[in-house]
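# generate coordinates for the sequence data below:
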Amino acid sequence: MVITDASRHKACRAAVADGGGATMVQVRWKDGAPAEVLQLTRALVAELPVPVLVNDRVDVALAAGAAGAHLGWDDVPLGAIRPHVPPGFVLGISVGSVAEAERAALLPADYWSVGPCFATANKPDAGPALGAAGFAALARLAPEGVPVIGIGGITVANAATVAAAGAAGVAVIGAIFGAQDPEAAARALRAALPSVSHPPNRR
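Numbers count the residues shown, from 1 in each chain. Sure, this is the predicted structure:
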């Protein structure tokens, strides 16, 4: 999953080029006005051959025809949202501690995003790094059939470690947009994650 905003639009297209790299995109544009986030999301939905999610804003995701939304604990509660979205609309939840994992296990989430796995400069409030062992401990708390993805400081060098700890995939920013060739970087990450899968659509 590539996490993007308006400044990375072109590189985001490269990351999913020819189906060889990223398998999902998340729009995370914290300071974008709702209309701007909607415009970007609609553009990505129209252009990209992979599912597009929107961070925080379920309303924007629905208006843009996106595949789903990713929620944190300060957003509208996932359990309250589920009855009001269409069948197949993906809802993910952030998990960073045992307490959050215990709460998330009671929710109808389609996937968990667990982290930060390693130190990251892209989200200063992410909390202390879990490491592979910490990630594995939280991933084991996910309900059966709910895939867990790793986030935070993921690189080609450590992606396989996170996969071995139970990750079905990874979410990245710097590993793609900090690379000279985003398409090649995405392909390298994909190659390091042979078990990558999309979060299942809820039926």
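# where along this protein do the strands fall?
Secondary structure of the chain (DSSP state E): strands located at 2-4, 25-27, 52-55, 68-71, 90-95, 111-114, 148-151, 169-171.
# can I get those strands in TSV with mean neighbour count?
In short, each C-beta sits where N, CA and C put it, glycine included. As requested, those are exported to TSV (neighbours: other Cβ atoms under 10 Å):
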stretch	mean neighbour count
strand 2-4	26
strand 25-27	26
strand 52-55	26
strand 68-71	26
strand 90-95	24
strand 111-114	28
strand 148-151	28
strand 169-171	26
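# export the ones you listed as TSV, with columns for mean pLDDT.
As requested, the strands of the chain are exported to TSV (pLDDT from 0 to 100):
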stretch	mean pLDDT
strand 2-4	96
strand 25-27	97
strand 52-55	98
strand 68-71	98
strand 90-95	98
strand 111-114	98
strand 148-151	97
strand 169-171	95
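# as CSV, the ones you listed with distance to residue 104 would be great.
Shown next, in CSV, are the strands of the chain (distance: least, Cβ to Cβ, whole Å):
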stretch, distance to residue 104
strand 2-4, 19
strand 25-27, 17
strand 52-55, 16
strand 68-71, 10
strand 90-95, 5
strand 111-114, 6
strand 148-151, 10
strand 169-171, 16
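# so for residue 84, which of the ones you listed sits nearest?
strand 90-95 (10.8 Å; Cβ to Cβ).
# who are the packing partners of that closest one?
Secondary-structure packing of strand 90-95 (3 or more Cβ pairs under 8 Å, 6 or more residues apart in numbering; DSSP states H and E): strand 68-71, helix 78-81, helix 98-104, strand 111-114.
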